[in-house]
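Q: give me a model of this one.
(chains A and B)
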Amino acid sequence: MKQDAIIPIRGSGPPVSTSHRPQLRHLGALLGGTALAVYGLSRRSLAGALMASSGGALAYYAYSADSKPQSLEAQGSVLLNCSVAEAFQFWRSFENLPRLMANLESVTVTDEKHSQWTIRGPLGKPITLNSEIVEQRDNEYIAWRTLPTSNAKKGSLRSPSLPGPEVEAKGIVKFHEAPHGRGTVLEARIRYWLPGGALGRAAAKALGKDPDFMMRQDLRRMKALLETGEIPTTEGQPHGPRTLFTGVARVIDPDQPVRRDVGLRQAIEEQRRAS
Amino acid sequence: MKAVCWMGAEKISVETVPEPKVLNRRDAIIRITSTCICGSDLHLYNGFMPTMEQGDILGHEFMGEVVEVGPGVNPEKLKVGDRVVVPFTIACGNCFFCKHQLWSCCDNSNPNHWMAEQLMGYSPSGLFGYTHMMGGYAGGQAQFVRVPFADVGPMKLPPDISDEQAVLLSDVFPTGYYAAVNADIEPGDSVAVWGCGPVGQFAIRSAFLLGAERVIAIDRFPYRLKAAQEGGAEIINYEECDDLIQTLKDMTANIGPDRCIDAVGMEAAGHTFPFLLDKAKQKLRLQFDRPNVLRQTILACRKGGTVSVPGVYGGFIDKMPMGQFMNKGLVMKTGQTHMMRFMQPLLERVQKGEIDPSFIVSHRVSIDEAPRMYQVFRDKQEECTKVVLDPWAEAKAA
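A: Got it, this is the predicted structure:
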């Protein structure tokens, strides 16, 4: 099979913004506003509350001012020591994917072509996407795209808790045999249209959670799972006394999704105690 | 349980921590009976390796008895009650690299692969007790340890092998042997070995096992040079010699040693100007390494010879004599030891009586004395060549 023949991603998505530069004015307002809000909250006083609310408003302004959907592309490839059929089958059973994709909470397959994906959006807010297989050739490729949900307006997917953002995605994953019995090469490419545009992306990058990185991590976990039957971990092993710094470092660990079910202080303390 | 923890540069303490649990299907828990301090632990002790965290359990040379296995461990390979020695590199056994016997390059054993990738561009295999970018696995200077992929690494031991012989098969003996293997020794060869620490001592003896005609050992500590001499080497105290490269040439009919082994690595000592410059740069964090020994091996090696580097390096180095390296047509071989290639053959050599690795052990102490022994080993006091810790012995009254 020809290596360079990237199968075009079919189906239409929202218009792709050509501007990739975050607007400095908005970024400043977002960061400043957020800092003010956090500081205000930490004061636990009337003045603090005022500070927090004005900071919050500023951050919201910045956020909404640049919330035009913007596209991001993630791609990655990995060498798997298994047959093409095994790799294809593993991926095609979409229920397997939450085991390796850090940001994917669950997948429910509804019929031969359709499935429902729940992902962790910004700050751990769940976003549900309906996915459809656009084209598939056994042991060669699977191409899919997201579909509008029935309760959202046409052409967009509304996250339940964010103002107006849309998340759409389409992707393709291809499989081919590596030379001389070296296994299977998997190449994946996903294009997202994310809320928050450049700002969202800048924030994601600041935390190290950029799409290419997440993709590489996901593929690495897939490799470990297929080749060894498990994903390596040190979570839960013993250690001596940790510092607070360790806890903070682990909460912002680029390989860990940000959780929303615990407070920040609790999360840091938990991470300091865990390994 | 008791565990030796890294609490910061030059801060080691024995802490009471929870016992390890099986976390993955192919894990085993080992009750440790003997564990060593390795020369490379001193790089951590001195604070030169990035991504250590306070509270990390140290140690990657250990052996013991299997007390628990996960449900995914192949029972033909390992079961509860087996007495095993555990290699310091963790390998999955089924990736491209493991299939090619490049065990220390395993692609699946480092859960923090991305950290190593960001710092170095690629990741080697996971290691026990050796920084978070190498996996962040809790180490074996403790009473118990968790061993991932337990049906790949650990080697079962026959009863006629003592703890002291066996524990040295976890890293230092195979590493010294691999250094000699990498040197491509041919009959008649002269081999120069820089550094007569534990790896150097094993490299000297392995060079003879592999057919070297003569070995020249280079160090500055008389007790180490004496041990090298006992291993059959000719010796040079480099502090007593004006021009090391010329001395080596003079000893080899003006052509230089056929094979040169750098068993020193990133924290080389020295007394020349380039060394002082390296030391200053390392202090200023302008480079991780002080590569003066590596330079010397390249300058000394005969044309078309081989430079073998078991010494540990951390990153970019300065003033590499690349012109000499290229024009002399040298070959350089290096890498963390592909342990599973060498453990079984070396065990057989020990059983046949070809070598008794326990000659290297100078100190046998309780785990409680670990903090002091790190300092003693680092500062080359008490003629310390190798420290074996007993995790279960009570500390002797000082």
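Q: CA only for contacts and neighbour counts going forward, please
A: Will do.
Q: okay, domains of chain A per the record?
A: A:24-65, A:70-228, A:233-275 (automatic domain parsing).
Q: got the contact list for whichever residue of the stretch 151-275 of chain A sits closest to chain B?
A: With Cα to the nearest Cα, the shortest gap between the stretch 151-275 of chain A and chain B falls at A:Gly240, namely 3.8 Å. Taking Cα atoms under 8 Å, 6 or more residues apart in numbering or on different chains as the criterion, A:Gly240 is in contact with B:3, B:5, B:15-17, B:54-57.
Q: rebuild those residues as CSV, extending it with distance to B:Gln296, neighbour count and pLDDT.
A: Putting the contacts of A:Gly240 into CSV (distance: Cα to Cα, whole Å; neighbours: other Cα atoms under 10 Å in any protein chain shown; pLDDT from 0 to 100) gives the following:
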residue, distance to B:Gln296, neighbour count, pLDDT
B:Ala3, 39, 32, 98
B:Cys5, 36, 30, 97
B:Glu15, 42, 19, 97
B:Thr16, 45, 16, 96
B:Val17, 44, 19, 97
B:Gln54, 36, 20, 93
B:Gly55, 38, 25, 95
B:Asp56, 35, 27, 96
B:Ile57, 35, 33, 98
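Q: before we move on, the earlier item: mean pLDDT for the domains of chain A: which is lowest?
A: Here the lowest mean pLDDT among the domains of chain A goes to domain A:24-65, at a mean of 61.
Q: could you pull out the helices for chain B?
A: Assigned by DSSP state H, the helices in chain B fall at B:41-45, B:96-99, B:113-120, B:163-167, B:172-182, B:198-209, B:222-230, B:244-251, B:273-283, B:292-300, B:322-327, B:339-351, B:370-378.
Q: out of those, which is closest to B:Glu61?
A: helix B:163-167 (6.6 Å; Cα to Cα).
Q: pull that closest one out as CSV, backbone CA atoms only.
A: The C-alpha coordinates for helix B:163-167 follow below in CSV (Å, rounded to 0.1, in the frame of the first residue of the first chain):
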residue,chain,number,x,y,z
ASP,B,163,23.0,-14.2,47.7
GLU,B,164,26.2,-12.3,47.4
GLN,B,165,27.0,-13.9,44.1
ALA,B,166,23.5,-13.6,42.7
VAL,B,167,22.7,-10.0,43.6
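Q: so what touches it?
A: Counting by Cα under 8 Å, 6+ apart, B:33-36, B:61-63, B:85, B:157, B:347, B:356-358, B:361, B:388 sit against helix B:163-167.
Q: B:Ala142 pairs with what?
A: B:Ala3 (DSSP bridges).
Q: chain A versus that one, what's the distance?
A: Applying Cα to the nearest Cα, to the nearest Å, the value for B:Ala142 to chain A is 10 Å.
Q: cool, B:Glu383 as well?
A: In terms of Cα to the nearest Cα, B:Glu383 sits 31 Å off from chain A.
Q: now B:Phe128
A: Where chain A is concerned, B:Phe128 sits at a distance of 11 Å (Cα to the nearest Cα).
Q: distance between stretch B:123-142 and the chain's centre?
A: Using Cα atoms, centre = their mean, to the nearest Å, the mean C-alpha position of stretch B:123-142 is found 14 Å from that of the whole chain.
Q: measure that stretch end to end?
A: This stretch, stretch B:123-142, spans 26 Å end to end (Cα to Cα, to the nearest Å).
Q: could you do stretch A:104-115 as well?
A: Span of stretch A:104-115 from end to end, Cα to Cα: 13 Å.
Q: residues in chain A within reach of chain B, list them.
A: A:80-81, A:182, A:217, A:220, A:223-224, A:227-228, A:230-243, A:246 (Cα under 8 Å from any Cα of the partner chain).
Q: the residue of the stretch 151-275 of chain A closest to chain B sits in which helix or strand?
A: Assigned by DSSP states H and E, A:Gly240 falls within no helix or strand.
Q: the residue nearest to A:Asn81 when sequence neighbours are not counted: how many residues sit nearby?
A: Once flanking residues are discounted, A:Asn81 sits nearest to A:Gly183: 4.5 Å by Cα to Cα, 6 or more residues apart in numbering or on different chains. Counted with other Cα atoms under 10 Å in any protein chain shown, the neighbours of A:Gly183 add up to 19.
Q: before we move on, what about the one 5 residues further on?
A: Other residues within reach of A:Ala188, judged by other Cα under 10 Å, total 20.
Q: next one: B:Asn237
A: Neighbour number of B:Asn237 under other Cα under 10 Å is 14.
Q: check contacts around the closest residue to it other than its chain neighbours.
A: Excluding the flanking residues, the one nearest B:Asn237 by Cα to Cα, 6+ apart is B:Arg220, at 4.8 Å. B:Arg220 is in contact with B:236-239, counting by Cα under 8 Å, 6+ apart.
Q: would you list the residues you listed in CSV and tack on pLDDT?
A: Rendered in CSV, the data for the contacts of B:Arg220 read as follows (pLDDT from 0 to 100):
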residue, pLDDT
B:Ile236, 97
B:Asn237, 96
B:Tyr238, 94
B:Glu239, 92
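Q: how about the residue in the stretch 1-150 of chain A that chain B sits nearest to, phi and psi?
A: When distances are taken as Cα to the nearest Cα, the stretch 1-150 of chain A reaches nearest to chain B at A:Asn81, 6.1 Å away. Dihedral angles of A:Asn81 (phi, psi; degrees, to the nearest 10) stand at phi -90, psi 70.
Q: wait, it sits on A:Thr184?
A: Yes. With contacts counted by Cα atoms under 8 Å, A:Asn81 reaches A:Thr184, the gap being 6.4 Å.
Q: neighbours of B:Gln381, how many?
A: Count around B:Gln381 with other Cα under 10 Å applied: 11.
Q: one more: B:Gln375?
A: 17.
Q: just give the closest residue to B:Asp27, not the sequence neighbours.
A: B:Pro148 (4.3 Å).
Q: and B:Phe208, what does it touch?
A: Contacts of B:Phe208 by Cα under 8 Å, 6+ apart are B:214-215.
Q: again with the one 3 residues further on
A: Contacts here follow Cα under 8 Å, 6+ apart; on that basis B:Gly211 touches B:185-189.
Q: pretty sure B:Arg364 is in contact with B:Cys384, am I right?
A: No. Using Cα under 8 Å, B:Arg364 is not in contact with B:Cys384, being 10.6 Å away.
Q: so who does the closest residue to chain A within the stretch 51-200 of chain B touch?
A: Nearest residue of the stretch 51-200 of chain B to chain A (Cα to the nearest Cα) works out as B:Gly55 at 3.8 Å. Counting by Cα under 8 Å, 6+ apart, B:Gly55 makes contact with A:239-242, B:5-7.
Q: next up, phi/psi of it, please.
A: Per degrees, to the nearest 10, the backbone of B:Gly55 is at phi 100, psi -10.
Q: repeat that for B:Met52.
A: The phi/psi pair for B:Met52 (degrees, to the nearest 10) is phi -90, psi 150.
Q: count the neighbours of the residue nearest to it when sequence neighbours are not counted for me.
A: Spatial nearest neighbour of B:Met52, excluding adjacent residues (Cα to Cα, 6+ apart): B:Thr131 at 4.7 Å. By other Cα under 10 Å, 23 other residues sit near B:Thr131.
Q: doesn't B:Gly47 make contact with B:Thr131?
A: No. Assessed by Cα under 8 Å, B:Thr131 is found out of contact with B:Gly47, at 10.7 Å.
Q: contact partners for the residue in the stretch 201-350 of chain B positioned nearest to chain A?
A: The minimum distance from the stretch 201-350 of chain B to chain A, using Cα to the nearest Cα, falls at B:Met340 (17.5 Å). Residues in contact with B:Met340 (Cα under 8 Å, 6+ apart) are B:87, B:101, B:103, B:153.
Q: which one (most neighbours) among those residues?
A: B:Pro87 (30 neighbours).
Q: where does that one fall, phi/psi-wise?
A: When read as degrees, to the nearest 10, the backbone of B:Pro87 gives phi -70, psi 150.
Q: got it, and A:Ile190?
A: Dihedral angles (degrees, to the nearest 10) for A:Ile190: phi -130, psi 140.
Q: for it, which non-adjacent residue is closest in space?
A: A:Gly171 (4.0 Å).
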